[in-house]
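Undergrad: Show me how the following folds:
(one chain, ligands or ions: 2)
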Amino acid sequence: MRVLITGGAGFIGSNFVRRAVREHPDWQITVLDKLTYAGNLANLADVRDRITFQRGDIANRDDVQKAMDGAQVVVNFAAETHVDRSILWADDFVKTDVLGTFVLLETARQVKLERFIQISTDEVYGSIESGSFTEESPLNPRNPYSASKAGADRLAFAYFTTHNVPVIITRCSNNFGPYQYPEKFIPLFITNALEGKSLPLYGDGRNVRDWIHVDDHCAAVDFLIANGQLGETYNIAGGNEVENIEIARAIVKQLGKPESLIQLVKDRPGHDRRYSLDAGKLARLGWTPRRDFAGLLRDTIAWYTSHESWWRPIKSGEFRQYYAQQYASRV
Ligand code: NAD
Ligand code: TYD
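TA: Ligands and ions are numbered 1, 2, ... in the order given. As a prediction, this is how the structure comes out:
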């Protein structure tokens, strides 16, 4: 089977490619990735000879036509993904997340695809005080990242209903694990702690996310390629709702660093208080995640500790410039 994986050089995409190579030796995999600041061929180093890599933009018709030629399955991970960046400048979010998904869907109309998996996010629902969102809950995105993801999510659904593109939409909760770009909460805090730098906790640190290990997210997507119903949307959740401050404390504790490294800083504008998903629909179909959050977080902290050669070059380059801007507006 020919499978096109967009955004395969990013965090979740590269973990998915690694899983696909391991679990599906019969798949012929093409990765289409623009290699933005978040894309990194080092993430694919161990599987590079098992895939075809095409550098290109999902918003560019020629790039997409070439990459999708002969594909039966498309999994669209490509996106601009960091909420804080979308607050500073949302241009690339609209271009990639909305326009890019549009170009993929338009091209998919001309190809005999069996599945088009649109990787959406739980952030499209917005924040919830109590209870959990089901797939039927209204969308209420509250920052430019989640709004552009919501645009892509509904566009994908429209191409199913209007043009019969074989779309399945997934909305997953916050991922953690190896190869996550160290601007995101967990890898930022681990690597800052390792460097003896402060850990900038937004607001009162009591915001809640439902964390899922990236391997579980990838396993769920793989499961849905085989078992998902066309036109359906599936929440994917870890079932691990944790306050940010608890994670920050676990990180400094495991690394033997003082709690004084954790510093409350000015809150992120429009900061969603709590994300919570009801993943019963996926469970009824037959898939549930592993539940050992503490153990998986420990493994993740250990991975960043033993992979300095992966994150140090990232943190010393473009990253510094971004943080200068970010801290100037936030601290
Ligand atoms: P990431 O930022 O680590 O990786 C994104 C990848 O997309 C990079 O390799 C980048 O180079 C590539 N890319 C960006 N613009 C592109 C373009 N125009 N054309 C081709 N490639 C492009 O992101 P991630 O955390 O791995 O997220 C992957 C997907 O999963 C995204 O769609 C995101 O919205 C979704 N998601 C993420 C999470 C999470 O917690 N990280 C949770 C739910 C859903
Ligand atoms: P993040 O990894 O940016 O994901 P999300 O898309 O859910 O916002 O952030 C996860 C949580 O951590 C979120 O509540 C914001 C918080 N956070 C901080 O407190 N400090 C930080 O430096 C970052 C990046 C995030």
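Undergrad: Low-confidence regions, this structure specifically.
TA: Counting by pLDDT under 70, the chain shows low-confidence ranges at 318-331.
Undergrad: Show me which residues of the stretch 51-200 of the chain are close to ligand 1?
TA: 57-59, 77-81, 96, 100, 119, 121, 149, 172, 174-175, 181 (Cβ under 6 Å from any ligand atom). (Each C-beta comes from the backbone N, C-alpha and C, glycine too.)
Undergrad: Which ChimeraX command selects the buried ones in those?
TA: Filtering those down to the buried ones (16 or more other Cβ atoms under 10 Å) takes a single ChimeraX command:
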select :57,58,59,77,78,79,80,81,96,100,119,121,149,172,174,175,181
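Undergrad: Tell me where the stretch 101-250 of the chain has helices.
TA: Applying DSSP state H, counting those that start in this stretch to the stretch 101-250 of the chain gives helices spanning 101-109, 144-163, 185-194, 214-227, 244-254.
Undergrad: Which residue ranges of this structure form strands?
TA: Along the chain, the segments classed as strands by DSSP state E run 2-6, 28-33, 52-55, 73-76, 115-121, 167-172, 174-176, 199-202, 208-213, 233-236, 241-243, 262-265.
Undergrad: Need those in JSON lines (columns: distance to ligand 2).
TA: Converted to JSON lines, the strands of the chain look like this (distance: least, Cβ to the nearest ligand atom, whole Å):
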{"stretch": "strand 2-6", "distance to ligand 2": "20"}
{"stretch": "strand 28-33", "distance to ligand 2": "21"}
{"stretch": "strand 52-55", "distance to ligand 2": "26"}
{"stretch": "strand 73-76", "distance to ligand 2": "18"}
{"stretch": "strand 115-121", "distance to ligand 2": "8"}
{"stretch": "strand 167-172", "distance to ligand 2": "11"}
{"stretch": "strand 174-176", "distance to ligand 2": "5"}
{"stretch": "strand 199-202", "distance to ligand 2": "4"}
{"stretch": "strand 208-213", "distance to ligand 2": "5"}
{"stretch": "strand 233-236", "distance to ligand 2": "15"}
{"stretch": "strand 241-243", "distance to ligand 2": "9"}
{"stretch": "strand 262-265", "distance to ligand 2": "7"}
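Undergrad: Is I169 in contact with T121, as I believe?
TA: No. Counting by Cβ atoms under 8 Å, I169 stays clear of T121, with 10.2 Å between them.
Undergrad: Could you tell me which residues touch both of the two?
TA: Counting by Cβ atoms under 8 Å, 6 or more residues apart in numbering, no residue touches both I169 and T121.
Undergrad: burial count for the closest residue to I245 other than its chain neighbours?
TA: Spatially, and ignoring its direct neighbours in sequence, I245 is nearest to G205 (3.6 Å; Cβ to Cβ, 6 or more residues apart in numbering). Close neighbours of G205, defined as other Cβ atoms under 10 Å, add up to 19.
Undergrad: quick one: contacts for G205?
TA: By Cβ under 8 Å, 6+ apart, G205 lies in contact with E243, N244, I245, A248, I262, L264.
Undergrad: quick one: which of those residues is nearest ligand 1?
TA: Among the contacts of G205, N244 lies closest to ligand 1 (Cβ to the nearest ligand atom), at 13.8 Å.
Undergrad: So which bits of this protein are right by ligand 2?
TA: Neighbours of ligand 2 within the chain, by Cβ under 6 Å from any ligand atom: 83-84, 123, 174, 184-185, 188, 200-202, 207, 209, 244.
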